Structure formats: structure tokens, C-alpha cells
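Participant: Quick one, structure for this:
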Amino acid sequence: MRIGEIAALAGVTSRAVRHYHHLGLLPEPERRSNGYREYGLRHAVELARIKRLTELGLGLAEVRDVLADDAGRELAEVLEELDGDLARQEAAIRERRERLRELLRQARSGELPPEGPVSPELAELFAAFSGFTPSDSPMAAKDREHLVLFDSLHDPAGGAGPFEALRPLADDPGFVRRVEGLYRRLDDLADAPADDPRVADLGAALAAVMPDGMLRHFADGDAEQSMRGSLGEAFLADFTPAQAAAVQRMIAILTERAQGTG
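Facilitator: Residues are numbered from 1 along each chain as shown. The predicted structure follows:
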């Protein structure tokens, strides 16, 4: 048989057969006098086995282990490993589908924030503040964008996210009014220089509304240090000079406060 014939017989492409030769999975057959490969029944059997193993989900390196006489790995061992991988994939898919079902529910009920999908923690925070956040404040809109960014950067495996400490504050009308006022004060700095005399007081006011539960994010000084990195620079560049100065002042105060209580 020619390469196209054995490939069609096994249900693979001629390119796949050549690739198996290149990887050493399928022995090279003898060639005719005209240089064409001449395949026999033994090659068809081996090619069919390679196809069955790859259909099970084995990678080509694992197939090589199974086929090699001195691989030191029994087929059962490889299949058990594959079964474990598939079980983990199934669990991950179930988790994603549960998350998708919740997002669909939120979308159909009008609860999904326009920035979504976001984590359940941030979605709950947005819902709690939905009636209080001023819709005409550029800084309020920018703050939501930043929260979505931080939400995407947070690794759930690292513990609770930064929004857990903020959620209870939504039930405090006094806190809500203070935040509204701070958004307005930040908006008022849109055209001000970095050395505007209002910056220091505003930075202190921003730090004052932060709950103690947020301090752990500042205790090691990483927040202040990150402002000097590329992400921090991009974050500050999203503000006007005076607004950025107020945010930097807030971070400095929170870092001092966290380290003083550590």
C-alpha cells in the first residue's frame, strides 16, 4: 500500500503518517525502487493502534511510551493517568458551567453588571452600591473599571479577594454618603495640578474611609511598591495629575497605618 492508501484505511491523513514516522511512533517501511514507501498489514495494525490511543486523549509522547518495548510504563498505568486528567477536566467544566448558569440568570434578570462577567464577590458589591453610586461622576465610572481590572487580576487560590472587606459597608448610609462626596472631590481635581493644596486632605479622606479589613493588602508595602512598576504607572496614568497625587497619598497613609498595626 502507498501512504495515501494506508492513511485512508486508518482514517488519518498522509501528513499524520509522516509525522508519526518523524516521531518514531511508526516504523519506516521499505521503499520501492522508485522511492515510494511500501506499507504492509503490520503497519496498518500499528497505525490503527496509534489512532485508538490518541482518540482516548493520550499525547503523542505518551503513545510513544506505550508502544516502546523498554518504556517501563504499562498501558494500564498510562490509562489510569489519563483517567485522572479527564476527571479533573470534568470537574473544571462542571464548575465553569455552574458559573455560566449563574451569569445567565443574572443576565436574564437584569442583575448582570454592564462590566460583567465579574466574580460573584464583585457582582454582589456592584449590586449593593447600585443605588448609591452617582451615575454622572466620571470618577465613579473609572472606579468601577479599576475594580473590574483588580477582580480579573486576583487569584482565588490566594484567598479572599479585596472586595470582601468592602461589602458590609454598603449597608452603612453614612459610608455611602462619604464615598459620593469623595467621588465629587476627585472629579473637582480633574483640571488641577499635582501640587494642588486640596490633594493632601483628599488623600487622607480617601484613606480614612478604607476599612481595617483592607489593611492586609498594604501591610507588606507591596501596594506602594507596585505603583512604581509598569502596572502601577499605567494605573496612575489613568488619573489626572492631582487625582493621581491624591491616590498616591492615600496608599502611603494606608501603608503606614497597616505597618503600624502589624
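Participant: Residues contacting the stretch of helix or strand H22 belongs to, please?
Facilitator: Element membership for H22, per DSSP states H and E: helix 14-23. Residues from elsewhere that reach helix 14-23, judged by C-beta atoms under 8 Å, 6 or more residues apart in numbering: 3-4, 6-7, 10, 26-28, 47, 50, 60, 64. Any C-beta I mention is one placed from the backbone N, CA and C, and that applies to glycine too.
Participant: swap the cut-off to 6 Å and go again
Facilitator: 3-4, 7, 26, 28, 60 (C-beta atoms under 6 Å, 6 or more residues apart in numbering).
Participant: Quick one: mean pLDDT for the longest helix seen in the chain?
Facilitator: Longest helix of the chain, by residue count under DSSP state H: helix 75-109. Taken as a whole, helix 75-109 carries a mean pLDDT of 82.
Participant: Convert the helix holding H22 to PDB, retaining C-alpha atoms only.
Facilitator: Taking Å, rounded to 0.1, in the frame of the first residue of the first chain, the C-alpha atoms of helix 14-23 are listed here in PDB:
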ATOM      1  CA  SER A  14      -0.900  11.300   5.000                       C
ATOM      2  CA  ARG A  15       0.600  14.200   6.800                       C
ATOM      3  CA  ALA A  16      -0.200  12.500  10.200                       C
ATOM      4  CA  VAL A  17       1.500   9.300   9.000                       C
ATOM      5  CA  ARG A  18       4.700  11.200   8.000                       C
ATOM      6  CA  HIS A  19       4.600  12.900  11.400                       C
ATOM      7  CA  TYR A  20       4.400   9.600  13.200                       C
ATOM      8  CA  HIS A  21       7.400   8.400  11.200                       C
ATOM      9  CA  HIS A  22       9.300  11.600  12.200                       C
ATOM     10  CA  LEU A  23       8.500  11.000  15.900                       C
END
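Participant: quick one: average confidence on that helix?
Facilitator: Model confidence over helix 14-23, given as mean pLDDT, is 92.
Participant: Quick check: buried residues in that helix?
Facilitator: 16-17, 20 (16 or more other C-beta atoms under 10 Å).
Participant: what angle do the helix or strand following that helix and helix 14-23 make?
Facilitator: Scanning forward in sequence from helix 14-23 by DSSP H and E, the next helix or strand is helix 41-55. Here the directions of helix 41-55 and helix 14-23 differ by 100 degrees (axes from the mean of the first three to the mean of the last three C-alpha atoms, to 10 degrees).
Participant: Against the centre of the protein, work out the most remote residue.
Facilitator: S33 (56.9 Å; C-alpha atoms, centre = their mean).
Participant: For stretch 171-190, which outside residues touch it?
Facilitator: 132, 134, 137-140, 169, 202, 209, 240, 242-243.
Participant: Which parts of the stretch 51-200 of the chain are helices?
Facilitator: 60-67, 75-109, 120-129, 138-153, 173-188, 198-209 (DSSP state H, counting those that start in this stretch).
Participant: Let me have those helices in CSV, adding mean neighbour count and distance to M227 as columns.
Facilitator: As requested, the helices of the stretch 51-200 of the chain are exported to CSV (neighbours: other C-beta atoms under 10 Å; distance: least, C-beta to C-beta, whole Å):
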stretch, mean neighbour count, distance to M227
helix 60-67, 17, 45
helix 75-109, 12, 32
helix 120-129, 19, 22
helix 138-153, 16, 13
helix 173-188, 16, 17
helix 198-209, 17, 13
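Participant: center of the protein, which residue is that?
Facilitator: S152 (6.0 Å).
Participant: G24: neighbour count?
Facilitator: 12 (other C-beta atoms under 10 Å).
Participant: Give me the phi and psi for it.
Facilitator: G24 adopts backbone torsions of phi 80, psi 10, taken as degrees, to the nearest 10.
Participant: CA atoms only for stretch 209-217, dumped as PDB, please.
Facilitator: Only the C-alpha atoms of stretch 209-217 are listed here, as PDB (Å, rounded to 0.1, in the frame of the first residue of the first chain):
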ATOM      1  CA  VAL A 209     -12.900  55.500  54.600                       C
ATOM      2  CA  MET A 210     -11.000  52.300  53.900                       C
ATOM      3  CA  PRO A 211     -12.000  49.600  56.400                       C
ATOM      4  CA  ASP A 212      -9.400  47.800  58.600                       C
ATOM      5  CA  GLY A 213     -10.100  44.600  56.600                       C
ATOM      6  CA  MET A 214      -8.300  46.200  53.600                       C
ATOM      7  CA  LEU A 215      -5.100  46.900  55.500                       C
ATOM      8  CA  ARG A 216      -3.700  43.400  54.900                       C
ATOM      9  CA  HIS A 217      -3.300  44.400  51.300                       C
END
